[in-house]
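J.: Predicted structure and sequence below. I'll ask about it afterward.
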Amino acid sequence: MSKLKRTRLWSQIFFFFLFCTGILLAGHEKYPLPFDLFFFLDPLAAIITIAASGIIISGLLISIITILLTIVFGRFFCSWICPLGSLIDFAEFISKSSPDSRTDTPSIQKLSRIKFGILIFVLAGSVFSFQFIYLLDPIVIMTRFMGMIISPLKSSFLQKDFFIEHSIHFILFTAAVLGLSLFARRFWCRVICPLGALFGLLSRFSIFKLENEKCVSCPSCVSLCRTGAMSDQGGIKVREEECIRCFDCIDGCSTDIWRFKAVKNNVQDTPQIHMSRRKFLAWGGSAVIGSTMLTPFAPRLNASKDIIRPPFAPDEEKFLDLCIRCQACVNTCPTNALQPLFMELGLYGLWSPRIKPLIGPCKTGCAKCSEVCPTGAIGVFSARTKYTIKMGTASLLKGLCIPYNEGKKCGKCIPECPTGAIEYINENGMDKPLKIDYLLCTGCGICENLCNQMTLGPPALITTDKGRNQPSGVDISKIRLT
């Protein structure tokens, strides 16, 4: 094994461990790195969210470093850092399928152009708020997938229940991505991944390239290349947009003539990316047409008032533009209150987070979802300041309330409300809730969750998104954080 390939393998192990550690310790005050470190390295997530929302997200601008490194070293991210790429390599290794069973074919080479069309599609769509990068970005895919594995293990270790609705969707989706390798090695990276396409375009201008000054045109490197980057038409040439710097060619070259070094940049020396003007316009135009038809209507026509967004989430359309459905907030929520939507708001709301008080309330003294959100879809707040803005409002249904309906003592919701929003009277030794103070209630769902535990039927307290994002009348100095 060559030194470069050995170094790459250790790099994959290190960054995969770092990625998993970030999910495991997300929200922990002593974790030394940003929990969203890998999103900061993802220029596609930065471009899409900024274009869709019109908001400059300072943290994501760090991805400029990745762009500069790609211009220097080529498409190294896919093979040295990307956790999904590492998982695909591992899955292909343990599947023990021989390279001969997945050799490169002209049809796969033609399909590899699709990722550039997908890149055009997502970029054009994002300008018109047609944002669905959550289906295609490898960092987002892996954050969802590993969260569904690591978070239950962490909760089990801490002896806590952990339940995520629709988690099977994330697992099956990632399994399908891995299963594509049955058709060709690194099929996802070669044919679909728009982040890989972006790095591929940049790598055509890279300073460091693979050089073979005395190549005898044997086919060994062509058959070993996991991304079909080697072209044997008119001598062995490297398709820079496909080369992920895995260095299998160096490791398997019988004459040991491949070198990775700085060379004079000449894009004309590499095979061209063939995409006609008609195809370019078709990919971009379909995104524009789709966004024009769907964007103005989807969030409004299917809106449901029982969908409560996390604290400091902006208005619905802006929230859906910013949220990349990575489930980082869902994975770190200590009460399991945050859950992903399915199709309640159509495709635009798919997998976006909501608070479900019947599963868990928004915990007093907690701001973890704000700390881990990489795009600002959940605004910055502290354990106290989150009560300055309303998520929603609870409503009291006296006909279902135990003191009114059954004549028994209850009133457990009254002292548990962190803002003192439940007005009540005491009759015959029983505390009876009267109404909810609109200004003091912030929609945390603590009362609804507690009421649901006390009643056999539906709870007497129901939380909706009424008043969302309006200032509250809470005196935050009086908030009980325990």
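T.: Thanks, I have it.
J.: C-alpha from now on. contacts and neighbour counts both.
T.: Will do.
J.: taking the mean pLDDT, what do you get for the helix or strand harbouring Thr143?
T.: Remark: Thr143 resides in helix 138-157, with elements defined by DSSP states H and E. Throughout helix 138-157, pLDDT has a mean value of 85.
J.: Run the angle between the helix or strand following that helix and helix 138-157 for me.
T.: Next along the chain after helix 138-157, taking DSSP H and E as the criterion, comes helix 167-179. Orientation check (axes from the mean of the first three to the mean of the last three C-alpha atoms, to 10 degrees): helix 167-179 against helix 138-157 gives 130 degrees.
J.: what about the helix or strand that helix 167-179 is followed by, distance to the chain center?
T.: Next helix or strand after helix 167-179 toward the C-terminus (DSSP H and E): helix 187. Between the centre of helix 187 and the centre of its chain there are 21 Å (C-alpha atoms, centre = their mean, to the nearest Å).
J.: Stretch 315-326 too?
T.: In terms of C-alpha atoms, centre = their mean, the centre of stretch 315-326 is set 12 Å apart from its chain centre.
J.: Could you number the chain from 595 rather than 1 from now on?
T.: Got it, the first residue is 595 from now on, which makes the last one we talked about stretch 909-920.
J.: Give me the contacts around that stretch.
T.: 643-644, 646-647, 723-728, 734-735, 737-738, 893, 907, 942-943, 945-947, 969-972, 1063 (C-alpha atoms under 8 Å, 6 or more residues apart in numbering).
J.: Cross the residues you listed against strands and list the overlap.
T.: Taking DSSP state E, the ones among the contacts of stretch 909-920 that sit in strands are Pro947.
J.: okay, now the domains of the chain?
T.: For the chain, automatic domain parsing gives the domain ranges 597-863, 893-1070.
J.: gap between the longest one and the chain center?
T.: Here the centre of domain 597-863 is set off from its chain's centre by 15 Å, with C-alpha atoms, centre = their mean.
J.: go on, stretch 937-950?
T.: 14 Å.
J.: on that earlier part again, could you identify which of the domains of the chain has the lowest mean pLDDT?
T.: domain 597-863 (a mean of 82).
J.: before we move on, back to that, of all the domains of the chain, which lies closest to Ser880?
T.: For Ser880, the closest of the domains of the chain is domain 597-863, at 7.3 Å, according to C-alpha to C-alpha.
J.: Helices of the stretch 945-1076 of the chain, residue ranges please.
T.: 962-966, 996-999, 1007-1010, 1040-1048 (DSSP state H, counting those that start in this stretch).
J.: My read is that Cys923 contacts Val966, right?
T.: Yes: between Cys923 and Val966 there is a contact under C-alpha atoms under 8 Å: 6.3 Å.
J.: For Leu1033, grab the count of nearby residues.
T.: Residues lying near Leu1033 (other C-alpha atoms under 10 Å) number 18.
J.: ok now do it, which residues does it touch?
T.: Counting by C-alpha under 8 Å, 6+ apart, Leu1033 has contacts 1015, 1065-1068.
J.: hmm, back to that, would you turn the helices of the stretch 945-1076 of the chain into CSV with mean neighbour count?
T.: As requested, those are arranged in CSV below (neighbours: other C-alpha atoms under 10 Å):
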stretch, mean neighbour count
helix 962-966, 24
helix 996-999, 16
helix 1007-1010, 16
helix 1040-1048, 22
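J.: May I see those helices arranged in a markdown table, with distance to Leu662 as well?
T.: Output for the helices of the stretch 945-1076 of the chain, formatted as a markdown table (distance: least, C-alpha to C-alpha, whole Å):
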| stretch | distance to Leu662 |
| --- | --- |
| helix 962-966 | 26 |
| helix 996-999 | 64 |
| helix 1007-1010 | 52 |
| helix 1040-1048 | 48 |
